[in-house]
Structures are given as C-alpha cells and as structure tokens.
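Peer 1: Fold the following.
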Amino acid sequence: MKGSWLLAALMTIVVSVPLAVHAEKDDWSDSSYAFPKIKTVLVYNLDTSEAASIKNDIVAKTLQDAYLTRAKKNGSSVRTALQIAPPASPPPASPAVVPAASPVSPAASAVPAADVYIKARLMQYSQDSSFVAAHTEWRSQWIDRVVYDRDGRPYTVSQEITVPEYVPDTYIPNTTVTLRFDVYDTKTGSVVFSREETRTRYSSDDTMGVYKRIVDAFFKTLKEKMTL
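Peer 2: Now for the predicted structure:
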C-alpha cells in the first residue's frame, strides 16, 4: 500500500509539472573567416518591426535600450552606434542558405574602425497561457513531534513528510521570444555569422528576462569566436 502511494505521488509530479524551458537555435558561420582578427564591432539599433505583439513604442524603446546595454556589457570590444535606425532593406537570407554579398551600408562605411557590424531583428515577443486541469500535487512539509528518551524525558524532533494538496483548474503563463542576429564584414558586406534563436519559458511571464538571456548568449558566442 505504501509503495502504491509513492508511485502515485511520482506520477502526479511528472504529469503536473510542465516543461520549464524549450529552446531552438540555428547558427551559421563562415568557416573561412578570421574572427580573432575582429577588434571593433558596430552594433545597429534593434529592428522590432516584425514583432507584431509589441503594443507600443514605449516597449520598443525599452527593448532597444536593453539590447544596447547588453551589447556593451557582454562585449569588451563592442562599440554601439545609438543613432543608426533599423535598415529599410529586406533582411538577409536564413542561415540554411549562405547569404550572398550585399553592398556595404553607408553608415557602416562611415566607421572604418569597425571590422564587423551587427543587425538584429526581434521576430517574436509574446505571451500566452496554458490550461492545467484540477489535480493533486504532493508537497513536502516539516512537522514537530514529541518523543521520549530512555529516561522518559520528552523532547521535540522535526520530521519531513509528504502530503497531498488539491490544485484547482488554472491557467499558467508562457512567454516566447525569437531573435535573429546577422554579423557582416564591414569591407565586403558579406554575412559571416548568423543566429536565430527561439526560447519559450513555461509558467513564466518574464518576457524581458528571456529576451535578455538570448541577447547575452549571442554576444557571448561572438566574443568566444573573437578570442579563439
């Protein structure tokens, strides 16, 4: 009987706890490009035009500020260009197809000290919810009980026990963020590194936190390529 209760508890925990994070990431890089020779990186403003769920310009500006702040924080040799607007030209091809060379941006040409420049696009920045039916979860709690020593003197000990807890029907928030990064060689205008990453965090409404982690991960990878 005790073994059946334990099995039921384990099954309930497995069924009721959703997957915490789901991530998909696609990378492409030019294997012939000398990333360690990069000394200075020009960072363009974030393009938020594709993320239809951004409700107003205040959110867009907040995301922009966070992007440039994370770029400065995560790259010691990264220089930001705060006044450059998102490009009006079509976005580069997906990482599955090697992007063809394109004309160098006039803004990039005006900064000869930059070896590469980055264009980032926010493609999704959204929240939804999942329905979780009523169920029982098993919780741990501590109780105090009185025991007696060999001389009959009482003393208190703490003991951890597992108890069932009813959880009614509920909705849990989920957040999803997709970002695309393209790194261009300043002289040729060719893409040398691309990343598209999607992260979904379940039971969370911290969209900004997910966004920042994706940005941090990209600049960490770029920095590692530059220091190989």
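Peer 1: Now residue 71. Nearest residue, chain neighbours left out?
Peer 2: Nearest non-adjacent residue to residue 71, counting by CB to CB, 6 or more residues apart in numbering: residue 43, 4.8 Å away. Bear in mind the C-beta positions are built from the backbone N, C-alpha and C, glycine included.
Peer 1: That neighbour: neighbour count?
Peer 2: 24 (other CB atoms under 10 Å).
Peer 1: Which parts of the helix or strand hosting residue 128 count as buried, going by neighbours?
Peer 2: Assigned by DSSP states H and E, residue 128 belongs to strand 116-132. Neighbour counts over strand 116-132 (16 or more other CB atoms under 10 Å) mark 116-125, 132 as buried.
Peer 1: Check stretch 208-224 too.
Peer 2: 210-215, 217-219, 221-223.
Peer 1: Can you tell me which of the residues you listed lies closest to residue 35?
Peer 2: Nearest to residue 35 among the buried residues of stretch 208-224: residue 222, at 8.1 Å, using CB to CB.
Peer 1: Pretty sure residue 114 sits against residue 184.
Peer 2: No: counting by CB atoms under 8 Å, residue 114 stays clear of residue 184, with 9.9 Å between them.
Peer 1: So which of these two has more stuff around it?
Peer 2: Comparing residue 114 with residue 184 by other CB under 10 Å, the one with more neighbours is residue 184, at 26 against 22.
Peer 1: so the more buried one bridges to which residues?
Peer 2: Here residue 184 sits in beta bridges with residue 117, residue 191, going by DSSP bridges.
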